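In: got a predicted model here, sequence first, then my questions.
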Amino acid sequence: MAAPVPDRPGADDPGPGRRLGVDVGDVRVGVAVSDPGALLATPVETIARATGRRGPDGPDIDRLVALARELDVAEIVVGLPLMLDGSAGSSARKAADVAFRLRRRLGPAVPVRLGDERMTTAIAARRMRAAGVRAREGRDRIDQAAAVEILQSWLDMRRADVTGT
């Protein structure tokens, strides 16, 4: 399998509609969603990670598919945790596997992208600490906040691409 590469918003943009942001971790999956105008990302929930890289889809993938359908999303952005030098480690391969499973389950109607997410969990944790949330107590919220960071970054790049600013 080739090393996963992050996508960028562009010519294949599906147009208006909600976007789903996904932060894949070893233990949890943070989820965020945008408004219908694709301007602002907000946290949705944290899902227990159940699916391994081999074998059938677990309840975590089932829940992501259900959320995509319930929220009628136009696009899904799965965070791709590349190393600082841009190389892909095991975490990036896990995220790419989740993206593959979502593509397989949702088909071409809902594009699934890989968004560069270097440092998003660290940024989210720092913001949560600044807001007075302890890391141990707020782990689920940090995962959601990381998904918000991933999705908001994508939305900002998309807006710049669409408007040319």
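Out: Sure, I can see it. Numbers count the residues shown, from 1 in each chain.
In: is it correct that Pro43 falls within a strand?
Out: Yes. Counting by DSSP: H, G, I helix; E, B strand; the rest coil, Pro43 is part of a strand.
In: which parts of this protein are helices?
Out: Assigned by DSSP state H, the helices in the chain fall at 59-70, 90-106, 120-130, 139-163.
In: which residues does the residue nearest to Asp12 when sequence neighbours are not counted contact?
Out: Nearest residue to Asp12, sequence neighbours excluded (Cβ to Cβ, 6 or more residues apart in numbering): Pro111, at 7.1 Å. In short, each C-beta sits where N, CA and C put it, glycine included. Pro111 makes contact with 12, 14, 74-76, according to Cβ atoms under 8 Å, 6 or more residues apart in numbering.
In: sort out for me which of those residues are in strands.
Out: Judged by DSSP state E, the contacts of Pro111 include 75-76 as members of strands.
In: check the gap between the residue nearest to Asp12 and Gly86 for me.
Out: Look at Pro111 and Gly86: by Cβ to Cβ, to the nearest Å, they are 23 Å apart.
In: check which residues of stretch 31-40 are buried.
Out: For stretch 31-40, the neighbour count (16 or more other Cβ atoms under 10 Å) marks 31-34, 38 as buried.
In: mean neighbour count, the helices of the chain: which tops it?
Out: Burial of these is given as mean neighbour count (mean count of other Cβ atoms under 10 Å); helix 139-163 ranks first at a mean of 21.
In: helices and strands around it, which ones?
Out: strand 19-24, strand 28-34, strand 41-48, strand 75-80, strand 112-116, helix 120-130 (3 or more Cβ pairs under 8 Å, 6 or more residues apart in numbering; DSSP states H and E).
In: Arg101 is nearest to which of those?
Out: strand 112-116 (9.1 Å; Cβ to Cβ).
In: below-threshold pLDDT in this structure: ranges please.
Out: 1, 118-129, 131-138, 140, 163-165 (pLDDT under 70).
In: any idea which residue is closest to the centre of this protein?
Out: Val22 (2.3 Å; Cα atoms, centre = their mean).
In: quick check: that residue touching Val31?
Out: Yes. The criterion here is Cβ atoms under 8 Å, and Val22 meets it with Val31 at 5.9 Å.
In: pull up the overlap in contacts between these two.
Out: 64, 147.
In: compute the number of surrounding residues for Asp13.
Out: Other residues near Asp13 number 15, with proximity taken as other Cβ atoms under 10 Å.
In: now do the contacts for it.
Out: 75, 158, 161-162.
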